[in-house]
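> This is the structure alone, sequence omitted:
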């Protein structure tokens, strides 16, 4: 993709699944990576995958200490932020606990806001025409049983993305969201076959997406090829929102 080589790219939730696929894609494009995740991997594991142009920050995006580590690195420069980290804590409305609600909002919404805010401050101060990309979900469009907390965060991310795009456009900072459908991450692939079959049946293209499909969307939106795209939410879902 045009314009990604040499860019400094921050990716939260980068250790596995969509985050790791995104890191691999930007690395192939020649970007320098700052990979952020909970301390689930050793530095040596990621170093083997990305032998150069990579820094790994073990940080909880919901904690002040974790954000301080991330923000200190952002102050050294940032071109692209990919707010990929997210969690689920599913329960129906009548059974959802305060902890389930609060934890999902903390990771999926508040951390997205705080990381985007800091990235925008650094980009604007440096005159960087950067890109901020936020992880939404197709469930933001139609809801999902047992996911009041998750759906609320993803719908909010879409609205927040549009607002950020309006506020930051004059500074040359583009803000977009990507809304995945059913994606065959390692976690999803471990689900029962009948559940996977149900997901495939609901998707017009009759298959699950792959992590690299989402990584490609992030790469496109961060690249110069999307230089006139901001404030959009790109559905990467095999057509499921058409149903």
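On my side now, so go ahead. Because the structure is predicted, anything quoted here is derived from the model rather than measured.
> Distance from the chain centre to the lengthiest helix in the chain, please.
Secondary structure of the chain per DSSP state H: the longest helix is helix 148-168. If you compare the mean C-alpha spot of helix 148-168 with that of the full chain, they lie 12 Å apart, counting by C-alpha atoms, centre = their mean, to the nearest Å.
> what helices or strands is that helix leaning on?
With contacts defined as 3 or more C-beta pairs under 8 Å, 6 or more residues apart in numbering; DSSP states H and E, helix 148-168 has these neighbours: helix 98-105, helix 111-126, strand 131-135, helix 139-142, strand 174-180. From N, CA and C alone the C-beta is placed, and that goes for glycine too.
> Tell me the helices and strands packed up against the second one.
For helix 111-126, the helices and strands in contact under the criterion 3+ C-beta pairs under 8 Å, 6+ apart are strand 8-12, helix 64-74, strand 80-83, strand 131-135, helix 148-168.
> quick one on the thing from earlier: which residues touch the longest helix of the chain?
Contact partners of helix 148-168, identified using C-beta atoms under 8 Å, 6 or more residues apart in numbering, comprise 86, 88-90, 92-93, 96, 100-101, 104-105, 108-109, 112-113, 116, 120, 124, 132, 134-137, 139-140, 143-144, 174-177, 179, 230-231, 233.
> same thing but 6 Å
88, 93, 101, 104-105, 108-109, 112, 120, 134, 136-137, 139-140, 143-144, 175, 177, 230-231, 233 (C-beta atoms under 6 Å, 6 or more residues apart in numbering).
> Quick one: list the elements packing against the helix or strand of the chain with the lowest mean pLDDT.
The element with the least model confidence among the helices and strands of the chain, by mean pLDDT, DSSP states H and E, is helix 43-49, at a mean of 81. Judged by 3 or more C-beta pairs under 6 Å, 6 or more residues apart in numbering; DSSP states H and E, helix 43-49 has no packing partners among the helices and strands.
> Just after it, pick out the following helix or strand.
Elements were assigned by DSSP states H and E; along the chain past helix 43-49, the next helix or strand is strand 54-58.
> Pull up the pairing partners for that following strand, direction included.
For strand 54-58, sheet partners with direction are given as strand 32-37 (parallel), following DSSP bridges.
> Tell me where this protein is predicted with low confidence.
40-42, 243 (pLDDT under 70).
> From the centroid of it, which residue is nearest?
Among the residues of the chain, residue 84 comes closest to the average C-alpha position under C-alpha atoms, centre = their mean, at 2.0 Å.
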